[in-house]
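Chemist: next one to model:
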Amino acid sequence: MASTIKVDNIQNSTGQDLMVNGYPRQPGQIIEYLTSPCDGSSVTGLSGSYTWPNVTAAQTLSATSQVVTGSQISYTPPAGTSKVIYRFEYALNWVTEHAISHQRFFIDGVEVTSARMNRSGRYPEDKTSFEWPINIGGSATAATGRQASWTTPKTLSVQSRWYSASNNRNAHATTYWDGTSSVQFIMPVLTIIAIA
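Modeler: Predicted coordinates for the structure are as follows:
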């Protein structure tokens, strides 16, 4: 005769969680991996269900920082998360010969200043991956994005602008394609990873 044991949480003798909600839990282990092209899909994980951003066209950048379409998500990690890895992959093309763009990362409207980055070059067309680990626990630090705790939704996003009108570039598109000048739409990909 078969027996079934149902246990949600298991701890060792020191109180460390070994299993939470039926899932193994060890330090450094991935406990949630959410990823999708930015096509408006429903993405479900341990922490709940999310509607992914829906990006259908290239984005024109300007001299003012703006949220890069597809990069914004409101997220709450599962209980026991010590680190969230935010990853956003998107294309940048050139509009003027020497194209320069600046990228900033925000958590609930607060810039993570240590995450600033530039992309530049002559006639650059490439897919860039912006990635930043957000530590949870200890004292909150705006510069690195560290959160003292994270139990309610926080909005994560990348903002971008070009350097000047003479150094212009756009997002989610090509300048050349298939042997000719041709703007082709390239859908971005957003990924959120929660680490125990």
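Chemist: what is the least confident helix or strand in the protein?
Modeler: strand 23-24 (a mean of 66; mean pLDDT, DSSP states H and E).
Chemist: what's the helix or strand following that strand in contact with?
Modeler: Later in the chain than strand 23-24, the nearest helix or strand by DSSP states H and E is strand 30-37. Strand 30-37 is contacted by residues 20, 23, 25, 43, 45-47, 50, 52, 77-78, 80-81, 187-196 when judged by C-beta atoms under 8 Å, 6 or more residues apart in numbering. (Glycine included, C-beta is placed from N, CA and C.)
Chemist: ok, the closest residue to residue 83 other than its chain neighbours to residue 87 distance?
Modeler: Distances taken as C-beta to C-beta, 6 or more residues apart in numbering put residue 195 closest to residue 83, at 4.2 Å, once the chain neighbours are dropped. Distance, residue 195 to residue 87, by C-beta to C-beta, to the nearest Å: 13 Å.
Chemist: neighbour-wise, which of those two wins?
Modeler: residue 195 (21 against 15; other C-beta atoms under 10 Å).
Chemist: on the strand side of things, show who the more buried one bridges to.
Modeler: residue 30, residue 83 (DSSP bridges).
Chemist: that one against residue 78, yeah?
Modeler: No. Assessed by C-beta atoms under 8 Å, residue 195 is found out of contact with residue 78, at 10.3 Å.
Chemist: contacts only, for the residue nearest to residue 83.
Modeler: 28, 29, 30, 31, 81, 82, 83, 84, 85.
Chemist: columns distance to residue 66 on top of these, output as CSV?
Modeler: Output for these, formatted as CSV (distance: C-beta to C-beta, whole Å):
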residue, distance to residue 66
28, 36
29, 36
30, 32
31, 33
81, 29
82, 32
83, 28
84, 24
85, 24
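Chemist: which member of the residues you listed is positioned nearest residue 70?
Modeler: Set against residue 70, the nearest of the contacts of residue 195 by C-beta to C-beta is residue 85 (17.1 Å).
Chemist: which of the contacts of residue 195 are buried, as a ChimeraX select command?
Modeler: Selection of buried members from the contacts of residue 195 for ChimeraX, criterion 16 or more other C-beta atoms under 10 Å:
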select :31,81,83,84
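Chemist: just the contacts of residue 195: which has the poorest pLDDT?
Modeler: Within those, pLDDT reaches its minimum at residue 28, with 90.
Chemist: that one against residue 85, yeah?
Modeler: No. Using C-beta under 8 Å, residue 28 is not in contact with residue 85, being 11.9 Å away.
Chemist: can I get stretch 25-41 in CSV, CA atoms only?
Modeler: Extracted in CSV, the C-alpha atoms of stretch 25-41 (Å, rounded to 0.1, in the frame of the first residue of the first chain):
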residue,chain,number,x,y,z
ARG,A,25,15.8,25.8,-0.6
GLN,A,26,19.6,26.1,-0.4
PRO,A,27,21.7,29.3,-0.3
GLY,A,28,22.5,30.4,-3.9
GLN,A,29,19.9,28.2,-5.4
ILE,A,30,17.5,29.6,-8.1
ILE,A,31,14.0,29.5,-6.7
GLU,A,32,12.2,31.4,-9.4
TYR,A,33,13.1,32.0,-13.1
LEU,A,34,10.7,34.2,-15.1
THR,A,35,11.5,35.0,-18.7
SER,A,36,9.7,35.8,-21.9
PRO,A,37,9.9,37.9,-25.1
CYS,A,38,8.0,41.1,-24.4
ASP,A,39,4.9,40.0,-26.2
GLY,A,40,2.3,40.5,-23.4
SER,A,41,2.5,36.8,-22.3
